[in-house]
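Q: the following block contains a protein sequence and its predicted model.
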Amino acid sequence: MKPSSPHAFINQLLVYTIMMICVTGSVGLGTVWLRHQISEIANATKGMERDIAAIERQIAESTARLAAEESPKMLELKNEVMALGLVPPQDLQIVRIDESPEERLAAKRNIEIFAEEAVEGTAAVRFSLNSFR
Amino acid sequence: MSKGFTSSYRLILLATTVLVCFAGVGVRLVHLHVLDRERLVSYVDRARSSIARQEARRGDILDARGDVLATSRTVIALGVDPQSLKPEDEIKWSKLAQLLELPLSEIQTIFGQKTRSTESGEIRDVRWVKLRDGIEESTYLAIQKLKIKGVYGNRSYRRVYPRNSLASHVIGYLNRENTPSGGIESFANFYLKGQDGWMETEKDGKRREMAQFRHREVAATAGYSVVLSIDSVVQHLIESELNFISETYHPQKATILVSDAESGFLLGMANYPSYNLNEYGKAPMAVQRNVAVTDLIDPGSTFKIVAASGALDAGLVTPETEFNCSIDSIEYRGRVRRFMPDDHAHDHPLSVAEIISQSSNVGAAQLGMKLGEKGLYDAARKFGFGEKSGFQLGYESGGLLNTPDKWSALEITRIPAGYSISATPLQIHYAMSTIASGGQLLRPQIIREIRDEKGEGVYSFGGVSRRQVIKPVVAQQMAKMLMGVTEDGTAKGAAIPGYQVAGKTGTAQKLIDGQYSNRNHVGSFVGFFPASDPRVVITVIVDDAKLDRGRLNYGSAVAVPSFKRIAEKLISYLDIKPAVLGETANYAMRGPAQ
C-alpha cells in the first residue's frame, strides 16, 4: 500500500470541504424553501381567516339589519306605508278545533282515497261516506 | 500517483482562506449569539415581536322566539393620512364624500390639512384625521373599492339594539367604554362577554404581520347568547299600550307587567317613560331606571287579597262570612279604631266575596283584625311583601313593611287596605300571581336559556317556586272571588265575553308633602285569566294620570281598560282558549297545586 502524500490529504480535505459546502448549501436552500413554504401556508391561512372574519362581520351586520326590519314597530310602519291593511285576528274570526289536526287531516285524506275506490268500484268493502263528512 | 489538480501552495492558500472565512463567520456568530446576545434579542423583541389581542365577540340577547334584541357588529372609524394622498386619487374624493354623506368641501379641507402646530409652536406632519365614525361594513367595502391611498379604517365591535327602545329597561346597554349598564347586559355580563384571545407574532419592517412567526395563539371565545322569556310581540303590545296611556293621560310614570301564570317567567315588562338603547346618552338616569323593581308605591286595594287570603287560609272566615261594613269605627283590643271610609255606603252586611268585589276598606280592615297584627304581618311576608323577590335585574327594592311592634294604632285598619305599606310593582304582580298559581309564590324570572355560539343550549332555567303561601283550595276560593270583581264589582270593564277574568283594582292616594293627596292617585289593576286555567297574569299601574273633566285616576278608570285591551290581544297571540265552564273548572289551579 502506498503511503499517502500531503497532496493527497489536501485534495481529500478539499473534496470533503467542497462536499460539506454543497451539503450545507443544499440543507440551507432546503431550509429556505421550507421556510418559504411555511410562510406561504401561514399567509394563505391568514388570508382565509381574514375572509372568514369578513364573512362573519357581514353576517353580523345582516343579522342586525334583519332584526331591525323585523321589529314589531317597523312591521307596523310598513303595514301603514304600504297600505296593506293587515290587522290582528279578532276572536270571532278564530275557530278553535279541540280534536287532533293530524287525525283530522288523515281521515280527510283517507276519505278521498276510499271515495275514488268507491267510484271505480274496486273497493272490497262498501260503506257510506256521509258519516265521515 | 497524481499530485492532485492543483499545486500545494495554492491548495494551502485556498484551505487557509476557507478556514479563515469559517473562523471569521464563527467569531461573528459567537459575538452575535453569545457576547451581544442580550442587546440584540431585546432590540429584535422590540422591533419585531408583538402580542396581538383578539377581541371576543359579545353574545347576543334574544327574546323567547329567538329574535335578536341586542347584538354586536363591527363598525369602522374611517380616517385619512394626508401625507399618503396621491393627486391622481383626487377625482375619487367626490364619490367618497357621497359615501360618507359629507360635503365635498369638508373632505377637501381635511385632506388639505397636512401639518399642524403643537403647543410649543413646532410644526408636525398630520398622519391621521378621523373622517367619520360608526361606518358599516358594506359602506367600508365600497370605500375600499375606490382605492384611495391613505384612506383607511380601524374596526371595533359596537353593541347595537335593533329594536331601539323595545324592552330597554330589561336589556340595559353597553356604553362606549364597553361597560355594561343595567339590565341583562349588566346581570348576564359573565355569560355575554366571552374571552378575549391573543397571539404572539412578529412584524416586518413595514409593521406587517409575518404569519409564519406566530408562536403562541389563543383563539378568542365568543360570548354566550342569553335567551329571555320576554316575547317581543307581547313586549311591543304592552309598550304600545303605555304609549297610548302616556299620550292620553300624561301620567308621571306607568308600568305594565305580563307573566306566565304557571312558571312565573315574565313575558313582558315595560315602563313609561322609556328610552332608545341606541341613544342612551340622551336619556336621563331617572328614565333609565326600571321603576317596576326600584320604585315603591302604596299597593292600595290590590293588597286586600292578602288580608282575605290570610283569613281564609287560617280558617277564620269563609267566602260567605259577613261583616257589617256600614260602620265607621270599631273597638279593637280595647280601643276604638276608625276605618278608612268606603267610596259608597252598603245597605247590607258584605260577605268576604263582596268585600273583595266591592273593594271595601271597612271590610278589609275587619279581615285584618280577624288575623291580628302578627297574622296580617305574616300573611303579607308570605306573599312576598317587605322582602326582595330575587329578581335578577336592576336594583330591586324590598319594599316597606314594618314589623307589628312599630305599627301605630290605626295601621291595623290601613294596612289591609294597602296603605302604610309600600311595594314595588313587581311585588304586587307576584302577589296576585300567587293566587293564579294555586297558592305558590313564584320567583320572577326573565332568563330562559344560555346558548353557545353555535346556538346549542348550555343551560336552561325553569320556573322556581319560592314557597307555598296559601292552600290550593284557598287559592281556588280567592280566584272565584276575584272573578266577582270583573263580573259585578269595581272592574266590570275588564270582563271579556267567554273568558273568566279574575283581578283586583287598586287606587292609592299619593303621599305629597307628608299628606295623602285627594287629587293625585296611583291607579292599578292586577289580574289573570282564564280564571279556570290561568295562562297569564297582567299588571297595569298608572301613577298620577290626568283625566279629563276632573275625573280621578281610579284603577277602574285607566288601568282596567288597558288590562282589557292587552288581554284581548293576548288571547289571539297566545292562543288562550275560552273558559272551561261548570263543575269541572279548576279555578286558579296549575301544576302541583292540583
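A: Thanks, I have the structure now.

Q: can you list the strands that the helix or strand B:Thr74 falls within pairs with?
A: B:Thr74 belongs to strand B:68-80 when elements are defined using DSSP states H and E. Applying DSSP bridges to the sheet, strand B:68-80 is found paired with strand B:61-62 (antiparallel), strand B:129-135 (antiparallel), strand B:151-160 (antiparallel).

Q: correct me, but B:Leu11 touches A:Val15?
A: No: the pair B:Leu11 / A:Val15 is not scored as a contact, 11.4 Å apart, by C-beta atoms under 8 Å. C-betas here are computed from N, CA, C, even on glycine.

Q: higher neighbour count, those two?
A: B:Leu11 (19 against 11; other C-beta atoms under 10 Å in any protein chain shown).

Q: any figure for the gap between the residue nearest the centre of chain B and B:Ala545?
A: Nearest to the mean C-alpha position of chain B, counting by C-alpha atoms, centre = their mean, stands B:Val170 at 1.6 Å. B:Val170 sits 24 Å away from B:Ala545, taking C-beta to C-beta, to the nearest Å as the criterion.

Q: how deep is the closest residue to chain A within the stretch 351-500 of chain B tucked in, by neighbour count?
A: At 7.4 Å from chain A, B:Gly498 is the closest residue in the stretch 351-500 of chain B, using C-beta to the nearest C-beta. Residues near B:Gly498, counting by other C-beta under 10 Å, number 12.

Q: tell me the contacts of B:Tyr516?
A: Taking C-beta atoms under 8 Å, 6 or more residues apart in numbering or on different chains, we find B:Tyr516 in contact with B:Tyr419, B:Gln509, B:Lys510.

Q: what helix or strand is it on?
A: Per DSSP H and E: strand B:515-529 holds B:Tyr516.

Q: just A:Ala68 next, same as before
A: Assigned by DSSP H and E, A:Ala68 falls within helix A:6-69.

Q: who are the packing partners of that helix?
A: Counting by 3 or more C-beta pairs under 8 Å, 6 or more residues apart in numbering or on different chains; DSSP states H and E, the packing neighbours recorded for helix A:6-69 are helix B:8-30, strand B:68-80, helix B:137-146, strand B:209-210.

Q: wait, which of these is closest to B:Glu177?
A: strand B:68-80 (14.8 Å; C-beta to C-beta).

Q: and the next helix or strand past the closest one?
A: helix B:93-100.

Q: residues contacting that next one, please?
A: B:78, B:103-104, B:106-108, B:111, B:131-132, B:135, B:139, B:142-143, B:146, B:148, B:151.

Q: tell me which helix or strand in chain A has the weakest average pLDDT.
A: Every helix and strand of chain A was ranked by mean pLDDT, DSSP states H and E. The lowest is helix A:101-120, at a mean of 80.

Q: sorry, back to before: out of the helices and strands packed on helix A:6-69, which one sits most buried?
A: For the helices and strands packed on helix A:6-69, the largest average neighbour count (mean count of other C-beta atoms under 10 Å in any protein chain shown) is found in strand B:68-80, namely a mean of 22.

Q: got the angle between it and helix A:6-69?
A: With axes from the mean of the first three to the mean of the last three C-alpha atoms, to 10 degrees as the basis, strand B:68-80 and helix A:6-69 are set at 120 degrees to each other.

Q: keeping just the C-alphas, turn strand B:68-80 into CSV.
A: Taking C-alpha atoms only, strand B:68-80 is exported to CSV below (Å, rounded to 0.1, in the frame of the first residue of the first chain):
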residue,chain,number,x,y,z
VAL,B,68,-82.4,39.5,18.3
LEU,B,69,-82.7,42.2,20.9
ALA,B,70,-79.1,43.1,21.2
THR,B,71,-76.2,42.1,19.1
SER,B,72,-72.6,43.1,18.3
ARG,B,73,-71.3,44.0,15.0
THR,B,74,-68.2,45.7,13.7
VAL,B,75,-68.1,49.4,12.8
ILE,B,76,-65.3,51.3,11.2
ALA,B,77,-63.7,54.5,12.3
LEU,B,78,-62.6,55.9,8.9
GLY,B,79,-59.6,58.2,8.7
VAL,B,80,-57.0,59.6,6.4
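
Q: how far away is B:Leu104 from chain A?
A: 27 Å (C-beta to the nearest C-beta, to the nearest Å).

Q: run through the residues that contact that residue.
A: By C-beta under 8 Å, 6+ apart, B:Leu104 lies in contact with B:Trp93, B:Ser94, B:Ala97.

Q: same check, this time on B:Ser263
A: B:Leu442, B:Gln445, B:Gly462, B:Gly463.

Q: out of those, who's nearest B:Arg333?
A: Using C-beta to C-beta, B:Leu442 is the member of those that lies nearest B:Arg333, at 35.5 Å.
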